[in-house]
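Peer 1: the sequence isn't on hand, but the structure is:
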């Protein structure tokens, strides 16, 4: 696993499966790489808030239970929206964490809540000081340069593109990549803003990046699109973007 180098911390992009047994080995390795006996983990379930309080709380609880069983000290950072994202207590929790995990849901709500907020700035600062930032599904999409969002009402196509946190400059993420026909993914790629690299991440698969190098973990593949050119990478393989 690409860890242990000085400077900015690792970025972890997950196609699906946060807080489930399929991710246990990967998450345990991430914690071990931090090098503390009880690493501090912050769970940020913001992307699930549009699905209701019960769903939001369930993802927070799942994250706390999952990382607690792996020996971490875990806190749920209950940022529901942009108002919560300027709360000083949430900023402090992010600032104290060794690993911050953005779970799945609606990528547009997540980026709109965090980009330019105090919590968003704290995430950037945490990454700069060496903390590990992980995102699954919508969380992975929001960590990238840009992400797609389906249009509302009748005109769902063409896709709408929004700014992410830009912690993966020059890239965008398609999670659950092996869940739907690749011809559909290709349509997304062809609509992407010019010059961006697309990372298609299979379900129950993660890619860990640091200093421009990315390594695949899990059962699936990562498909890297550069324009119309496509490359596949499997567990253990390393690529650069």
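Peer 2: Done, it's in. As the structure is a prediction and not an experimental result, all values here were calculated from the model.

Peer 1: can we go C-alpha only for contacts and neighbour counts from here?
Peer 2: OK.

Peer 1: ranges for the strands of the chain?
Peer 2: 11-14, 40-44, 73-76, 99-102, 132-136, 146-149, 160-163, 171-174, 197-201, 205-210, 213-218, 222-226, 229-233, 238-240 (DSSP state E).

Peer 1: pipe these into a markdown table and attach mean pLDDT and distance to residue 115 per row.
Peer 2: Listed next are those as a markdown table, based on pLDDT from 0 to 100; distance: least, C-alpha to C-alpha, whole Å:
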| stretch | mean pLDDT | distance to residue 115 |
| --- | --- | --- |
| strand 11-14 | 98 | 17 |
| strand 40-44 | 98 | 14 |
| strand 73-76 | 98 | 19 |
| strand 99-102 | 98 | 13 |
| strand 132-136 | 98 | 15 |
| strand 146-149 | 91 | 11 |
| strand 160-163 | 91 | 8 |
| strand 171-174 | 96 | 16 |
| strand 197-201 | 97 | 21 |
| strand 205-210 | 96 | 21 |
| strand 213-218 | 97 | 24 |
| strand 222-226 | 97 | 25 |
| strand 229-233 | 96 | 30 |
| strand 238-240 | 96 | 26 |
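
Peer 1: pick the most buried one from those.
Peer 2: Highest mean neighbour count of the strands of the chain: strand 11-14, a mean of 29 (counted as mean count of other C-alpha atoms under 10 Å).

Peer 1: contacts for that strand, please.
Peer 2: Here strand 11-14 makes contact (C-alpha atoms under 8 Å, 6 or more residues apart in numbering) with 132-137, 139-140, 167-168, 175, 201, 203-210.

Peer 1: picking that back up, make a markdown table from the strands of the chain and add distance to residue 116 to it.
Peer 2: Shown next, in a markdown table, are these (distance: least, C-alpha to C-alpha, whole Å):
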| stretch | distance to residue 116 |
| --- | --- |
| strand 11-14 | 19 |
| strand 40-44 | 16 |
| strand 73-76 | 21 |
| strand 99-102 | 16 |
| strand 132-136 | 17 |
| strand 146-149 | 14 |
| strand 160-163 | 11 |
| strand 171-174 | 19 |
| strand 197-201 | 24 |
| strand 205-210 | 23 |
| strand 213-218 | 27 |
| strand 222-226 | 28 |
| strand 229-233 | 33 |
| strand 238-240 | 28 |
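
Peer 1: centre of the chain to stretch 39-49, how far?
Peer 2: The chain centroid and the centroid of stretch 39-49 are separated by 11 Å under C-alpha atoms, centre = their mean, to the nearest Å.

Peer 1: do the same with stretch 73-90
Peer 2: The answer for stretch 73-90 is 17 Å, by C-alpha atoms, centre = their mean.

Peer 1: now do that stretch: distance from first to last residue.
Peer 2: End-to-end distance of stretch 73-90 (C-alpha to C-alpha, to the nearest Å): 16 Å.

Peer 1: that stretch: which residues count as buried?
Peer 2: Of the residues in stretch 73-90, 73-82, 84-86, 90 count as buried by neighbour count, 16 or more other C-alpha atoms under 10 Å.

Peer 1: which of these sits closest to residue 234?
Peer 2: Lowest distance from residue 234 to the buried residues of stretch 73-90 (C-alpha to C-alpha) belongs to residue 74, with 30.6 Å.
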